[in-house]
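A.B. asks: Just to be clear, the model below is a prediction. Sequence and coordinates:
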Amino acid sequence: MAEYKFRKLFQLSGAGEFTDPESYESMWAYSIRYPGTDHSTPGRYRIRITRMSAKDFIILMGGDPTDADPQGYSIQGLLEKWTNNGWIHCLDWMGNPTSSNEEIESDLNEMFQAFTTGLPTDKNWEIPPRPPPRPKRKDAKDKKVPTFEVIEGDKTEKPTKKDGDDPSFDWI
């Protein structure tokens, strides 16, 4: 069985101002030593966690937060591995949105260890079910779609010009 070691090098966190998301990042070092070898292979990875309110997420996606009930928040957790070509996306975290940063880190560390060593974990991660859709707000107004009446005819009539009209003022 492969020998796997890892440790946190540092972490950064920041709560955004006003509508900026809360962000958290931690940098990790690991080494893996396979059976029958006398050396370890080192590596680096980072974990990023971002939380933002549902209203801010709707705005970020170009939507209008007044069109929906913007309650709750969005959370994203991902793990990126360092390579000679830079950071590459490796794992996404999908779990309970009420999880703490430490719980998300622990999950991603365990997943990365399984991914790197090729040895399965005993843990089974399940994505929580989506909550039922919220009822439409009572104060939300139905959007009206304009209707048009088609008038049948053979030709389009243009307005006639009066003799005293100056063409340079047509744009007014």
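C.D. replies: Arrived safely, thanks for sending. Quick caveat, the model's predicted, so the values are computed rather than measured.
A.B. asks: With just CA atoms, put the helix or strand of the chain with the lowest mean pLDDT into PDB.
C.D. replies: One helix or strand of the chain scores below all others by mean pLDDT, DSSP states H and E: helix 54-60, with a mean of 73. Output in PDB follows, covering the C-alpha atoms of helix 54-60 (Å, rounded to 0.1, in the frame of the first residue of the first chain):
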ATOM      1  CA  ALA A  54     -28.300  33.700  -3.700                       C
ATOM      2  CA  LYS A  55     -29.100  37.300  -4.600                       C
ATOM      3  CA  ASP A  56     -25.500  38.000  -5.500                       C
ATOM      4  CA  PHE A  57     -25.300  34.800  -7.500                       C
ATOM      5  CA  ILE A  58     -28.400  35.800  -9.500                       C
ATOM      6  CA  ILE A  59     -26.800  39.200 -10.200                       C
ATOM      7  CA  LEU A  60     -23.500  37.600 -11.200                       C
END
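A.B. asks: Which helix or strand lies directly C-terminal to it?
C.D. replies: strand 73-83 (DSSP states H and E).
A.B. asks: Which helix or strand lies directly C-terminal to that next one?
C.D. replies: With DSSP H and E, the next secondary element past strand 73-83 is strand 86-93.
A.B. asks: rewinding a little: which residues belonging to the least confident helix or strand of the chain are considered buried?
C.D. replies: The neighbour-count check on helix 54-60 (16 or more other Cβ atoms under 10 Å) flags Lys55, Asp56, Phe57, Ile58 as buried. The C-beta positions use only the backbone N, C-alpha and C, and glycine is treated the same way.
A.B. asks: Skipping adjacent residues, who's closest to the third one in space?
C.D. replies: Right, Phe57. Ser74 (4.4 Å; Cβ to Cβ, 6 or more residues apart in numbering).
A.B. asks: contacting residues for the one you found?
C.D. replies: Arg51, Met52, Ser53, Ala54, Phe57, Pro97 (Cβ atoms under 8 Å, 6 or more residues apart in numbering).
A.B. asks: Now tabulate the residues you listed in TSV and tack on distance to Glu149.
C.D. replies: As requested, the contacts of Ser74 are exported to TSV (distance: Cβ to Cβ, whole Å):
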residue	distance to Glu149
Arg51	51
Met52	46
Ser53	45
Ala54	41
Phe57	41
Pro97	50
